[in-house]
Each structure stands twice: as C-alpha cells, then as structure tokens.
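1. Quick check, what structure comes out for this input:
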Amino acid sequence: MKKLFYSLYALFFNIFRILPINKNRIAFVAPHHGGEADSLGILRSYAEKSGSFDIVTISTSDLHIDFSNVRKLILSAVKAIGFFTVKAKALATAKYVFLNDNFMPMASLKFSEEAVITQLWHAEGAFKKFGLSAPLTDDVREREKKCSEKLTYIICSSKNVVPVYAEAFGVDESKILPLGTPRTDMLLCGCDTRKMRSDFDKRHPECKGKKLVLYAPTFRDDPETDKNIVKNIDVDLFTNKLGEEYSLLVKLHPQIHSGDKVNGTLDVTEGHDINDLTLICDVLITDYSSVCMDFALLSKPCIFFAFDLESYEKERSFYFDYENYVPGPVVRDFGSVVEEIKNPRKNEEKLRSFRDFNFDYIDCNNTERIFKRIISSNPQ
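-> Have a look, this model is predicted:
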C-alpha cells in the first residue's frame, strides 16, 4: 500500500514539474506531524512575518479520512485528493523546501535544479542512533538514501554532531550546516514561563507551591515491556521522602501502549504539550528519551532511570557511551532516583559538558540565522 502511495504521489509531482518554479514559494513538509511547535512551524511563522512569500504547508495528516459522518467524509476525501494534486503541484514548483523528517515519496521525485531543499530534522544534538545509522530494512534504507540525495542542506545544532548527521543521512559533511535549530529559540526566549506555571497550577492546584518532577520515559519495542514501565515507580517512597516539596508528573511517550495509571502521580500524558512541561518542570527523570536535550539546553537537572539499560541497548544503540555521555546520573532503582532528586545540582559539570557539546548557540537567533543562510543567500 505504501509503495502505491509513493508511486501515485510521484506521478502527479513529476507531471507538475513541467511548470516553472515559483521563486517566491516556500513549501514546509511535515511527513508525520503538523510541525506547529517544532522547528518547521517556527521557521514557517518567521517566514510569514518576513516578506510576501507564497507559503504552503504539506502534511500527511491531510490523508486522514474521517468516517464519522457523510459531510466529514466528503471534506476529508477532498483534502486527501488535494494532497496528491494541489499540494503536489505546490511542492513541484517551490523554490524552497523545508522538512522536519524523512518524506518517503521524495525518493522518487525529480526536483528542479533551482530548488533548495533543507532538512531541519525534529531533534537536536546526537543521542540515539537514527536514520541510516539505525537498523533498517533494505527497502527502507534504499529509500532513505534516495531521499537524502535530494537534500541541499541539513541543519544541526552543533559542529560537534556534523559527522553524526552526515552518517545518519549518508551525505558529505559539506551539506551539514551547524546553525542551531528554530525550536530552541522558542524554548529559550519564546514563552512566559511564569504565566505557564500559573496556568498549570490553576488546572492542578495540588501542585501549587511545589517543584515539579517530570517522569518521561521513552517506548520499547515490546508492548508488554511498555505496559510495565511505570510499575518501576515507587510512589509511596517518593511521597514520603519528597512529597512536601515536589509533585511527580508522568508523561508517557505517544508510542507507549496503554498501561495502568500510577496512583499518587499526576498523569500529564494527555492534554499537556511536552515543550510546555519542559519549560515549567524543575527536574527530569527519563531513561533514553531525547527530551533530555531540551532540559540540558535549559540547564535543568536530568536523572537517568535506566533500569533496563542492557536490554535496551540491544534494541537501539547510542552514538556515544551512554553512562559517560548523558547529562546526569544513571541509576537502576527508584530509591536512587529519590536520592538524586534531593541533591539535583551535584552533576552541573556533566550537564554543562553535554550542553556545550550539542549546542553551539545558546541564543534566540537560530531561526534568523537559518532564514538568512538558506533564503537570503539564495536570491529569488
């Protein structure tokens, strides 16, 4: 089915390629999610304010067919048809193209030599192996390679991770631009965190006056293991030792299969954006989630509750030695987690080293830097 989708999209795209390039058009492509709060959406907002560009957003969410009633069915079907026609035409004639992930149909697309195609990616730094560095089927590997061949530039957050991105995308290092990422502008400068915390307290008055500890584990490949992740939390111990000063929040990864609720914690899996939680929470407990990048960027303490490290490393390897690299202590039992929370700032040097390695720019100018380098340096 996927191959049929890729072929159909390529057919329409390559037909529309006979049309001239619109040198004022910027296409923002979100293969797996809308990209509202990530680098793609932030750069799109900047472009909208920076000139009279013809801006189009292309998202696979347009392919969702709503069967709830006849009207919604018709509207969603029209939107899906538009994805293959109107949106394909816009992409085929765009001068500038930005993506936040691999767009698999791209492997079969024949872009104009005038097109400038930039992969923003959806994460910062280097942590877990991704792209061509990760285990892939032969078919997916070949398609990702062909997608990467179409790229003009790939953006990353630090010169130190340029070799990692070159390997992950299978391209020469000259294509990797360490300009920083737009979403870090939002995390560093784009929000009123006092108001955000005040709004959070109104929704959850039991947290008012307390520091917030966020437990945000990533998913495993085994559904049964996913269900049992939260069972490693000792809520009674947390409450007895830290309950007067801290509230424990649980944010499960979207790919974690539904499991038991953890009584005594605040479940923020639904209805709370991870970026917002990153900005208002004081301490992070995670395992192998890249959310640690954002906490490190903000110089907030991270504790790595890696109770199954050996088995996880068999599923998904890291670019660097996990225990020496992560920006905080690695512990195997929840009692040790509690002890680390009592003294969260004792790993400042490790946190600073991780931050300096993965982020060249701790400022609010990443979006402007990218816009000027990609668009202003490629005249219309």
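
2. what bits of the stretch 251-380 of the chain have low per-residue confidence?
-> Low-confidence segments of the stretch 251-380 of the chain, defined by pLDDT under 70: 254-262, 377-380.

3. In terms of helices and strands, where is the spatially most central residue of the chain?
-> Centre of the chain computed as the mean C-alpha position; nearest residue by CA atoms, centre = their mean is His122, 3.7 Å away. Assigned by DSSP states H and E, His122 belongs to neither a helix nor a strand.

4. so who does it touch?
-> 35, 38-40, 100-101 (CB atoms under 8 Å, 6 or more residues apart in numbering). For the C-beta atoms, the positions are set from N, CA and C on the backbone; glycine is no exception.

5. per-residue confidence for the closest residue to His253 other than its chain neighbours?
-> Using CB to CB, 6 or more residues apart in numbering and skipping residues adjacent in sequence, the residue nearest His253 is Phe219, 4.6 Å away. In this model, Phe219 is scored at 83, pLDDT.

6. on that earlier part again, just the contacts of His122 now: which is nearest Thr57?
-> Of all the contacts of His122, Gly35 has the smallest distance to Thr57: 7.9 Å, by CB to CB.

7. Tell me what Val283 is bridged to.
-> Val213 (DSSP bridges).

8. Check whether it really touches Leu214, as I assumed.
-> Yes. Here Val283 lies in contact with Leu214, judged by CB atoms under 8 Å, at a distance of 7.2 Å.

9. Would you mind telling me which of these two has more residues around it?
-> Taking neighbours as other CB atoms under 10 Å, Val283 and Leu214 compare with Leu214 leading, 25 against 21.

10. neighbours of the residue lying closest to that one once chain neighbours are set aside, just the number please.
-> What sits nearest to Leu214 in space, not counting adjacent residues and going by CB to CB, 6+ apart, is Cys281, at 4.1 Å. Cys281 has 24 neighbouring residues, counting by other CB under 10 Å.

11. ok, Cys281 touching Leu249?
-> Yes. Applying CB under 8 Å as the test, Cys281 and Leu249 come out as touching, 6.8 Å apart.

12. what touches both of the two?
-> 212-214.

13. Name the nearest of those residues relative to Glu142.
-> Leu214 (38.9 Å).

14. how about the strands in this structure?
-> 22-30, 54-59, 94-99, 116-119, 153-155, 176-177, 211-215, 246-250, 266-267, 283-286, 302-305, 330-331 (DSSP state E).

15. Relative to Thr85, which of these is closest?
-> With CB to CB, the closest approach to Thr85 among these belongs to strand 54-59: 11.9 Å.

16. now for that closest one, which elements pack on it?
-> strand 22-30, helix 39-50, helix 86-92 (3 or more CB pairs under 8 Å, 6 or more residues apart in numbering; DSSP states H and E).

17. Redo the ones you listed as JSON lines? Include distance to Phe354, mean neighbour count and mean pLDDT.
-> Below are these laid out as JSON lines (distance: least, CB to CB, whole Å; neighbours: other CB atoms under 10 Å; pLDDT from 0 to 100):
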{"stretch": "strand 22-30", "distance to Phe354": "29", "mean neighbour count": "21", "mean pLDDT": "96"}
{"stretch": "helix 39-50", "distance to Phe354": "20", "mean neighbour count": "19", "mean pLDDT": "94"}
{"stretch": "helix 86-92", "distance to Phe354": "37", "mean neighbour count": "21", "mean pLDDT": "97"}
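
18. Could you dump the ones you listed into CSV with distance to Ile155 added?
-> Shown next, in CSV, are these (distance: least, CB to CB, whole Å):
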stretch, distance to Ile155
strand 22-30, 14
helix 39-50, 8
helix 86-92, 19
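
19. between those, which one is nearest to Val116?
-> That would be strand 22-30 among the helices and strands packed on strand 54-59, by CB to CB, at 9.6 Å.

20. which residues sit against the closest one?
-> Contacts of strand 22-30 (CB under 8 Å, 6+ apart): 35, 40-41, 43-44, 47, 52-61, 90-91, 93-101, 103, 114, 375, 380.

21. That strand: how far from the chain's middle?
-> 21 Å (CA atoms, centre = their mean, to the nearest Å).

22. what lines up beside that strand in the sheet?
-> Strands that pair with strand 22-30, judged by DSSP bridges, come out as strand 54-59 (parallel), strand 94-99 (parallel).

23. Is it possible to get CSV of the ones you listed that adds mean pLDDT?
-> CSV is the format used below for the strands paired with strand 22-30 (pLDDT from 0 to 100):
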stretch, mean pLDDT
strand 54-59, 95
strand 94-99, 98
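
24. Most tightly packed of these?
-> Comparing these by mean neighbour count (mean count of other CB atoms under 10 Å), strand 94-99 ranks first with a mean of 25.

25. residues contacting Ala296?
-> Contacts of Ala296 (CB under 8 Å, 6+ apart): 302, 327, 351, 354-355, 358.

26. Try it again at 10 Å.
-> 124-125, 284, 302, 326-328, 350-359 (CB atoms under 10 Å, 6 or more residues apart in numbering).

27. Quickly list what's touching both of Val283 and Leu214.
-> With CB under 10 Å, 6+ apart, Val283 and Leu214 have common neighbours 248, 295, 300.

28. and of the residues you listed, the nearest to Ser7?
-> For the shared contacts of Val283 and Leu214, the nearest to Ser7 is Phe295 (42.4 Å; CB to CB).
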